[in-house]
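> Provided below for reference: sequence and predicted model.
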Amino acid sequence: PGDTTDPHQAGMAGDVNLFFNEPDDKSVAEIEIMIAEPRSRRRGLAQEALRLMMAYAAESLGCRRFVAKIGQANVASLGLFRKLGFREFKRVEVFSEVHREL
């Protein structure tokens, strides 16, 4: 059955999602990640999940541009997307968001 003290075997660590918000343009997707299980954070899972999802979206769905909308206070996510090569292109002060793209 496995080691139930390992959070990666005990249940879901989080999720990664794509949203195609432009009905006529499937080359652009909003991407988001959440690692809900605290013991699973800071272990590289988010980076791996994002890389896999982007590779799938590019190869199988024809997606060429990814947009991440990140809360300004979410330092960990801002760093994660920066490390993946996303660059800031917009700030939305009313939502306290930073928009990054790749």
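That came in fine, so what should we check first? Numbering: from 1, shown residues only.

> list the contacts for residue 29?
By Cβ atoms under 8 Å, 6 or more residues apart in numbering, the contact list for residue 29 reads 18, 19, 20, 21, 57, 61, 63, 65, 66, 67. For every residue, glycine as well, the C-beta is placed using N, CA and C.

> how about whatever helix or strand the last one lives in: buried residues?
Taking DSSP states H and E as the definition, residue 67 sits inside strand 65-71. Residues of strand 65-71 classed as buried under the neighbour-count rule (16 or more other Cβ atoms under 10 Å) are 66, 67, 68, 69, 70.

> Show me the contact partners of it.
Contacts to strand 65-71, defined as Cβ under 8 Å, 6+ apart, come from residues 27-32, 54, 57, 77-78, 81, 86, 92, 95-102.

> Which helix or strand lies directly C-terminal to it?
Heading C-terminal from strand 65-71, the first helix or strand you meet, by DSSP H and E, is helix 75-83.

> pLDDT (mean, whole number) over that following helix?
Computed over helix 75-83, the mean pLDDT rounds to 95.

> again, but for stretch 43-53
92.

> buried stuff in it?
Buried-residue list, stretch 43-53, by 16+ other Cβ under 10 Å: 45, 46, 49, 50, 53.

> related to what we said a few turns ago, so what's the gap between the strand holding residue 67 and the chain middle?
The chain centroid and the centroid of strand 65-71 are separated by 8 Å under Cα atoms, centre = their mean, to the nearest Å.

> And stretch 37-53, by the same measure?
9 Å.

> same deal with stretch 79-87?
The answer for stretch 79-87 is 10 Å, by Cα atoms, centre = their mean.

> first to last residue in it, what's the distance?
Counting by Cα to Cα, to the nearest Å, you get 11 Å between the two ends of stretch 79-87.

> Can you name the next helix or strand after the lowest-mean-pLDDT helix or strand in the chain?
Lowest by mean pLDDT, DSSP states H and E among the helices and strands of the chain is helix 7-10, with a mean of 57. Later in the chain than helix 7-10, the nearest helix or strand by DSSP H and E is strand 14-19.
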